[in-house]
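Q: Next one to model:
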Amino acid sequence: MPSPDKVTDLPSAVATHVGNGMTVALEGFGHLIPFAAGHEIIRQGITNLTFCRMTPDILAEVMIAAGCVRRLVASFFASGSAGSLHEVRRRVEHSDPAPLEVEEYSHYGMVCRYQAGAAGLPFLPLRSYAGSDLPRLNPMIRKVADPYGGPDIYVVPALRPDVTIVHAQRADRAGNVQMWGIIGAQQEAAYAARTVIATVEEVVDEDVVRSDPNRTVLPSHAVSAVVECRGGAHPSYAQGHYDRDNAFYREWTPISKERDAVLRWLDEWVHRVPDRAAYLEKLGAERWESVRVDPRTSQPVNFGRRRVVA
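A: Next up is the predicted model:
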């Protein structure tokens with residue numbers, strides 16, 4: 001029986017699987033951040049989201065500024081090491097133009113939450129909050145007795161997104177998704193979710209995936225929709241396809257300091273840009289060339305196969 005074809009376009013994937021009031025995770029740890037998917041959520045006017053992400057960055061800023069996000073569940077707030085998140089700060093510090101609910105964890109706390117969700121567990125223990133102020137600030141971080149007689153230990157609750165969205169280098173049409181380079185919590189966040197959308201730089205034949213199976217981070221049974229979306233992680237990077245656009249991150253800091261400037265950017269780069277192809281065209285060939293990477297292939301791996309004796 002042939003595998004189902006899960007390839008679709010980005011507007012259809014978002015319209016089918018993302019709705020108002022959902023809990024959504026858009027993961028990618030500095031690398032393979034699903035910016036194109038976030039922009040499409042904005043274009044479709046989806047609101048009241050609980051937005052989950054390790055290191056909320058420019059993607060969080062634009063989705064919050066666009067009015068998509070009611071609640072932010074996250075760890076380590078920073079604009080890709082290029083400055084502060086001024087839109088987030090306006091919301092948290094001054095409720096300007098509206099308050100933002102924030103539930104903060106450490107990076108490992110977020111990973112443990114996804115792991116618990118993926119494993120069907122109610123919570124997961126961890127030691128890293130000892131001596132931290134986070135348990136005082138976040139009542140969801142709790143301390144419980146060790147049933148085996150050890151000292152009390154902190155636990156975090158399972159996180160089970162309605163939808164997890166990731167970006168990757170490639171997938172086949174059945175939804176076997178392959179990544180390489182820095183991988184964050186994409187696998188854990190995907191298995192914790194009810195639905196998974198994968199945007200990829202290219203859709204490849206099944207034989208390509210089968211030739212290097214260890215790169216398959218998400219197998220087809222975990223993926224609901226696949227979208228071919230070249231440049232879908234810009235301004236972050238996709239190892240082997242394009243580098244991080246450091247200039248973009250530097251440019252964002254002065255923009256984010258003024259809410260009107262953020263809204264103008266959203267109008268110019270999201271609302272008036274119908275899709276990722278138009279976004280890349282607007283970005284321009286010179287800017288795209290500035291993040292081009294030269295090939296650097298890995299050594300071939302011999303997986304071997306059973307010898308057929310005539």
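
Q: got any ranges where the stretch 151-300 of the chain has weak pLDDT?
A: Along the stretch 151-300 of the chain, segments meeting pLDDT under 70 are nowhere present.

Q: Tell me where it has helices.
A: Counting by DSSP state H, counting those that start in this stretch, residue ranges of the helices within the stretch 151-300 of the chain are 186-192, 206-211, 246-256, 259-266, 276-283, 285-290.

Q: To Ala37, which of these lies closest?
A: helix 276-283 (9.5 Å; Cβ to Cβ). Where C-beta positions appear, they are placed from N, C-alpha and C, glycine not excepted.

Q: What residues sit buried inside the closest one?
A: Within helix 276-283, the residues that count as buried by 16 or more other Cβ atoms under 10 Å are 276, 279-280, 283.

Q: How about stretch 131-144?
A: So, applying 16+ other Cβ under 10 Å, buried residues of stretch 131-144: 134, 138, 140-141.

Q: picking up where we left off before, from the buried residues of helix 276-283, which is closest to Pro235?
A: Distances from Pro235 to those, taken by Cβ to Cβ, are shortest for Leu283, at 9.3 Å.

Q: residue contacts, the residue nearest the centre of the chain?
A: For the chain, Glu27 is the residue whose C-alpha lies nearest the centre (Cα atoms, centre = their mean; 2.0 Å). Taking Cβ atoms under 8 Å, 6 or more residues apart in numbering, we find Glu27 in contact with 34, 53-54, 164-166, 184-186, 189.

Q: who wins for neighbours among those residues?
A: With neighbours defined as other Cβ atoms under 10 Å, the most crowded of those is Thr164; it has 34 neighbours.

Q: Nearest to Ile46 among the contacts of Glu27?
A: Ile165 (12.0 Å).

Q: could the contacts of Glu27 go into JSON lines alongside distance to Ala118?
A: Putting the contacts of Glu27 into JSON lines (distance: Cβ to Cβ, whole Å) gives the following:
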{"residue": "Pro34", "distance to Ala118": "19"}
{"residue": "Arg53", "distance to Ala118": "17"}
{"residue": "Met54", "distance to Ala118": "15"}
{"residue": "Thr164", "distance to Ala118": "10"}
{"residue": "Ile165", "distance to Ala118": "16"}
{"residue": "Val166", "distance to Ala118": "14"}
{"residue": "Gly184", "distance to Ala118": "14"}
{"residue": "Ala185", "distance to Ala118": "10"}
{"residue": "Gln186", "distance to Ala118": "11"}
{"residue": "Ala189", "distance to Ala118": "8"}
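
Q: Select from those every entry located in strands.
A: Those of these mapping onto strands are 53-54, 164-166, per DSSP state E.
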